[in-house]
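Chemist: Can you look at this prediction? I've put the sequence above it.
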Amino acid sequence: MSYQIVMDIDGDTRHEFDADDPVALADAALRFRELTKRGYRAVAFNGPAGAPGELTTAFDPKTQKTIFIPQLVGG
């Protein structure tokens, strides 16, 4: 299973999907595009636990976990 975790002011929302399920994969790809279009930064994690993530701009169905971080706004 793969995960997309969306951070927001209420904490986070977790979306689990199976990369072998075409419908779930399409939903995950759409979520990735919509969030990055809205300014979220996507950080992909593929290594062992504790390994650093990598900023990404493209959906990769092989990514184990993606965390979406909202753009910080000063004020």
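Modeler: Perfect, I can see it now. Residues are numbered from 1 along each chain as shown.
Chemist: Centre-most residue in this structure?
Modeler: Taking CA atoms, centre = their mean, the centroid of the chain lies closest to T66, which sits 3.3 Å from it.
Chemist: For this structure, just list every one of the helices.
Modeler: 22-37 (DSSP state H).
Chemist: mind listing what's buried in stretch 54-62?
Modeler: Residues T56, F59 are the ones in stretch 54-62 that count as buried (16 or more other CB atoms under 10 Å). In this view, the C-beta of every residue, glycine as well, is placed from N, C-alpha and C.
Chemist: Rounded mean pLDDT for that stretch, please.
Modeler: What stretch 54-62 shows for mean pLDDT is 95.
Chemist: Same check on stretch 25-43?
Modeler: 97.
Chemist: Any buried residues in it, and which?
Modeler: So for stretch 25-43, counting by 16+ other CB under 10 Å, buried means L25, A28, R31, F32, L35, T36, Y40, R41, A42, V43.
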